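[1] Compute the structure for the input listed below.
(one chain, ligands or ions: 1)
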Amino acid sequence: MPSRPAMQFIPNPAPETWPSLQQRPAAGEAPQVAARVRAIFEQVRAGGDAALRQLAAELDKATLTNLLVSEAEFAAAIAQVPAELQAAIRQAKANIEAFHTAQREPEIRLETMPGVVCSRRSVPVQRVGLYVPGGTAPLFSTLLMLGVPARLAGCPEVVVCTPPQLDGSISPVILFVAQLLGIDKVVKAGGAQAVAALALGTPSVPAVDKIFGPGNRYVTAAKQLAAAEYGVAIDMPAGPSEVLVIADSSANPAFVAADLLSQAEHGPDSQVIVLSDSQEVLEKVQAEVLSQLETLPRRKVAAQALENSRAILLPDAAAMLAFSNQYAPEHLIIATDNADAQATQVTNAGSVFLGNLTPEAVGDYASGTNHTLPTSGYARQYSGVSLDSFVKKITFQRLSSVGLQAIGPVVETMAEAEGLVAHARAVTVRLASLAAGSASNGTALMAKPANPYAGLIRPSVERMQAYSSARDEFEGLAPVMLDANENSLGSVGPDDFSRYPDPHQRAIKADLALIKGVSPDQIFLGNGSDEAIDLLVRLTCTPGQDSIVICPPTYGMYEVAANLNDVRVKRLPLTADFQLPANAAATLAASKAKLVFLCSPNNPTGNLLAQEAIETILANFRGLVVVDEAYADFADALSWISRLTEFPRLVVLQTFSKAWGLAGLRLGVAYASPTLISYFNKIKPPYNISAATQQHALAALANAPQLPGMRAELLQGREWLGQQLSQLPIVEHIFPSDANFLLVRFNVDATAAYDELSSRGIVVRNRTTQPGCAGCLRLTVGTASENAQLVQALAEIGTAVPTN
Ligand SMILES: *Cc1c(COP(=O)(O)O)cnc(C)c1O
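    As a prediction, this is how the structure comes out:
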């Protein structure tokens with residue numbers, strides 16, 4: 001064998017030894033290199049352009065007059081580039097342009113939920129620095145590889161740095177390419193000082209945002225320093241160039257050897273590895289390498305590189321691919337007869353060259369792919385330079401009011417769960433001002449305070465995870481539904497109710513939304529409004545700690561719900577005429593209560609609460625203001641539903657139990673802001689409205705036009721009853737009513753009268769023990785016949801019971 005260095009031959013290494021065979025050369029000098037680079041950065045920082053000149057003289061042995069390439073130098077360059085080379089470069093440029101143009105991504109635009117539009121657009125990095133190695137081998141191809149995508153991306157400022165030749169000039173080919181690309185700023189600086197200038201800026205060299213390009217160890221270390229300490233991005237960490245060739249028995253040893261040498265001639269620290277499952281191929285490749293080396297001008301460099309290089313015999317294709325993926329080569333040549341199939345198994349590589357007719361060199365220059373590729377195993381996680389390297393992908397989002405209302409509660413919930421209250425508030429103030437704006441033409445937009453629900457929602461509710469029902473996880477119908485443990489065979493009984501009902505009651509909400517002029521996400525349906533009352537207490541009050549306010553005499557379930565939840569009840573009694581006391585708003589504002597229940601028309605008194613009093617409370621009380629409108633359909637007042645957008649803490653309760661005549665359905669409704677409703681939904685039982693109820697309610701809603709007729713009939717009955725009662729001697733006072741009942745004070749023992757009525761089969765409500773209701777019975781307006789029976793009975797009782 002000749003004395004020339006051969007590649008190390010390694011037959012069938014055990015997999016445990018692979019990592020040592022995959023080690024890159026030239027690790028270990030880093031500290032000295034880093035220290036030198038740091039010193040150069042300091043020199044450039046202190047000396048600017050003068051330091052660059054000085055370092056050019058010192059390190060490149062070049063005397064510079066002008067630091068930037070002049071117009072005259074540009075002009076002179078073209079003539080010095082042979083026509084044939086010019087044509088070759090133009091062809092390469094066209095291919096690189098074509099392949100990188102194809103990498104352009106159109107703007108993405110997507111409405112992720114109604115009213116929430118997200119988009120992503122590529123925006124060029126504004127200032128880029130391209131490092132083009134020069135000196136003995138000016139790599140004008142690198143300028144093509146970096147300059148073409150920089151131009152295609154539209155980077156407004158492109159600065160090229162390349163080391164000067166001994167006479168202070170720059171290779172004419174590099175200047176030719178620069179002109180071809182329309183780059184007019186070429187700095188005569190190489191090595192770490194060029195990178196320092198690009199990172200720090202000097203009077204002649206603008207500081208850039210991102211530095212690209214390969215280089216020696218000093219350039220690499222300088223780029224790393226720039227990235228670590230100067231906030232400049234770099235294309236990728238770069239090390240010495242490398243190739244790995246997978247050659248089976250179909251490979252041409254001369255081709256393989258040529259590929260290995262084409263890499264080896266890059267530099268003494270280059271690494272080339274050839275894998276084969278054929279010892280014969282490896283031997284022939286070795287022989288070819290040695291003979292081809294003889295005729296290479298850069299044989300000295302290549303020979304040094306071969307000392308780092310290995311020919312490895314492996315059992316089969318699978319082992320070769322495994323070794324290669326573990327090595328993660330910058331360049332991978334698959335010189336086998338089924339290269340395409342094997343290519344699919346490549347997991348780590350910078351760029352891959354398939355088949356015996358595809359030398360790495362085509363990718364280095366002209367096929368169209370980029371030759372700036374990850375080395376040193378970085379192909380495990382980095383891509384080579386591409387159009388993407390020169391752009392940032394900026395995402396945009398825009399919300400409409402619908403979008404804000406849809407996504408706002410989601411974000412509030414998440415932000416609050418993370419304890420980032422200011423985040424939540426950024427949504428909440430907008431939701432509130434939306435609400436205010438739509439009510440008052442935007443004039444109140446500025447005035448709205450922060451999160452209207454701050455501190456209102458019980459912390460355990462904020463924290464808890466909502467139950468996710470089977471029908472939440474899969475929406476809609478499928479031919480086979482085995483997700484909710486229902487009995488697919490059907491129901492016992494006349495109708496089929498074998499399936500769980502819609503947990504969101506969408507159809508009913510859609511109908512109600514139309515009738516009430518709200519959006520479906522402002523509606524909660526409860527198993528009676530009693531369920532809504534209970535959930536309101538639970539939503540806001542921590543047991544044993546918080547309190548609610550009620551205004552007696554009023555509906556009994558408020559207190560029951562509070563007691564049931566171990567929540568304190570504070571009383572703010574109504575006045576003698578059953579109105580809110582003058583100090584109601586002030587008292588509430590001073591209280592720490594979480595909510596107040598206002599019943600209007602009130603049960604059992606029948607009267608509407610004064611609108612101004614409720615408004616004042618809404619404006620001053622920081623808790624929820626629940627206006628229970630169970631009887632609103634009988635009253636001649638505008639529903640508080642119309643004020644929901646104005647008052648984010650307002651909750652309006654209505655029910656199907658009264659005017660609709662559907663008490664048997666157990667269907668109550670809470671109207672509130674979408675945010676509050678989302679809390680209801682979070683804590684409600686999963687299927688709280690039965691399928692039967694939903695079906696029937698839908699039918700009723702379709703017959704909503706019947707409602708006014710029924711109401712008129714009932715009001716007639718109320719009028720008749722009132723008139724009749726007023727003529728009875730035992731009736732002391734009939735309170736004015738906006739409901740379907742009358743509160744009547746008797747001048748006889750009301751309880752005795754109540755008992756008398758009961759004994760006659762007439763059941764009314766004894767309210768004598770309610771504050772302000774001494775001597776009172778509450779009489780529901782019934783059918784004409786029922787009303788007549790009641791009057792008749794009371795007339796008879798009048799003579800029988802003792803007077804008060
Ligand atoms: C009747 C009534 C209700 C009814 O509630 P449902 O549970 O829907 O039947 C609620 N609030 C008041 C004040 C009532 O009188």
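
[2] what's the pLDDT at Ala630?
    Ala630 is assigned a pLDDT of 97 by the prediction.

[3] Tell me the spacing between it and the ligand.
    4 Å (Cβ to the nearest ligand atom, to the nearest Å). Every residue, glycine included, has its C-beta placed from N, CA and C.

[4] Three-state assignment for that residue, please.
    With DSSP: H, G, I helix; E, B strand; the rest coil as the basis, Ala630 sits in coil.

[5] Could you give the separation of stretch 708-724 from the chain centroid?
    Its chain's average C-alpha position is 56 Å from that of stretch 708-724, according to Cα atoms, centre = their mean, to the nearest Å.

[6] What residues sit buried inside that stretch?
    Within stretch 708-724, the residues that count as buried by 16 or more other Cβ atoms under 10 Å are Leu714, Leu715, Gly717, Arg718, Leu721, Gly722, Gln724.

[7] Dump those residues to a markdown table, plus pLDDT.
    Formatted as a markdown table, those follow (pLDDT from 0 to 100):
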| residue | pLDDT |
| --- | --- |
| Leu714 | 95 |
| Leu715 | 95 |
| Gly717 | 96 |
| Arg718 | 96 |
| Leu721 | 97 |
| Gly722 | 97 |
| Gln724 | 96 |
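
[8] export those to CSV and tack on distance to Pro206 and secondary structure?
    As requested, these are exported to CSV (distance: Cβ to Cβ, whole Å; DSSP: H, G, I helix; E, B strand; the rest coil):
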residue, distance to Pro206, secondary structure
Leu714, 84, helix
Leu715, 83, helix
Gly717, 89, helix
Arg718, 86, helix
Leu721, 91, helix
Gly722, 90, helix
Gln724, 97, helix
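
[9] Now tabulate those residues in JSON lines and tack on distance to Leu354.
    Below are those laid out as JSON lines (distance: Cβ to Cβ, whole Å):
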{"residue": "Leu714", "distance to Leu354": "86"}
{"residue": "Leu715", "distance to Leu354": "88"}
{"residue": "Gly717", "distance to Leu354": "91"}
{"residue": "Arg718", "distance to Leu354": "91"}
{"residue": "Leu721", "distance to Leu354": "95"}
{"residue": "Gly722", "distance to Leu354": "96"}
{"residue": "Gln724", "distance to Leu354": "101"}
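
[10] Just the pLDDT for the residue of the stretch 1-150 of the chain at minimum distance from the ligand.
    Ranked by Cβ to the nearest ligand atom, the top residue of the stretch 1-150 of the chain for proximity to the ligand is Pro114, at 31.1 Å. For Pro114, the pLDDT comes out at 85.

[11] Could you give the number of residues near the residue in the chain that the ligand sits nearest to?
    When scored by Cβ to the nearest ligand atom, the chain has Gly528 as its residue closest to the ligand, at 2.4 Å. The number of residues packed near Gly528 is 20, by other Cβ atoms under 10 Å.

[12] Let me know the closest of the buried residues of stretch 708-724 to Ser351.
    Of all the buried residues of stretch 708-724, Leu714 has the smallest distance to Ser351: 83.9 Å, by Cβ to Cβ.

[13] and the next element down the chain from the worst-scoring helix or strand of the chain on mean pLDDT?
    Of all helical and strand segments in the chain, the minimum by mean pLDDT, DSSP states H and E falls on helix 470-473, at a mean of 80. Per DSSP states H and E, helix 470-473 leads on to helix 506-516 as the next helix or strand towards the C-terminus.

[14] Are there helices or strands packed against the next helix or strand after that next one, and which ones?
    Scanning forward in sequence from helix 506-516 by DSSP H and E, the next helix or strand is strand 523-527. Packing contacts for strand 523-527, counted by 3 or more Cβ pairs under 8 Å, 6 or more residues apart in numbering; DSSP states H and E, involve helix 506-516, helix 529-540, strand 667-671, helix 674-683.

[15] tilt between the longest one and helix 674-683?
    Spelled out, it's helix 529-540. Going by axes from the mean of the first three to the mean of the last three Cα atoms, to 10 degrees, helix 529-540 is angled at 100 degrees with respect to helix 674-683.

[16] Give the pairing partners of the next helix or strand after helix 529-540; include direction for each.
    Per DSSP H and E, the first helix or strand lying C-terminal to helix 529-540 is strand 547-550. Applying DSSP bridges, strand 547-550 is found paired with strand 568-571 (parallel), strand 595-599 (parallel).

[17] quick one: contacts for the closest residue to Asn485 other than its chain neighbours?
    Nearest non-adjacent residue to Asn485, counting by Cβ to Cβ, 6 or more residues apart in numbering: Ala470, 7.8 Å away. If a contact means Cβ atoms under 8 Å, 6 or more residues apart in numbering, then Ala470 has Asp483, Ala484, Asn485, Tyr500 as its contacts.

[18] again with His696
    Leu662, Leu665.

[19] Let's see that with 6 Å instead.
    Contact analysis of His696 by Cβ atoms under 6 Å, 6 or more residues apart in numbering lists Leu665.

[20] Would you quantify the distance from it to Leu665?
    6 Å (Cβ to Cβ, to the nearest Å).

[21] returning to what we had before: what separates the least confident helix or strand of the chain from the chain centre, distance-wise?
    Taking Cα atoms, centre = their mean, one finds helix 470-473 lying 22 Å from the centre of the chain it belongs to.

[22] same check, this time on stretch 61-75
    The answer for stretch 61-75 is 52 Å, by Cα atoms, centre = their mean.

[23] Quote the end-to-end distance of that stretch.
    End-to-end distance for stretch 61-75: 25 Å, by Cα to Cα, to the nearest Å.

[24] May I see the buried residues of it?
    Ala62, Leu64, Leu67, Leu68, Val69, Glu73, Phe74.

[25] just checking, what packs against the helix or strand containing Arg45?
    Taking DSSP H and E as the criterion, Arg45 maps to helix 30-59. Counting contacts by 3 or more Cβ pairs under 6 Å, 6 or more residues apart in numbering; DSSP states H and E, helix 30-59 is packed against helix 191-200, helix 217-229.

[26] among those helices, which is the most enclosed?
    The highest average neighbour count among the helices and strands packed on helix 30-59, using mean count of other Cβ atoms under 10 Å, belongs to helix 191-200 at a mean of 29.

[27] Break the protein into its domains for me.
    For the chain, automatic domain parsing gives the domain ranges 32-106+116-234, 239-374, 401-441, 459-474+499-702, 708-797.
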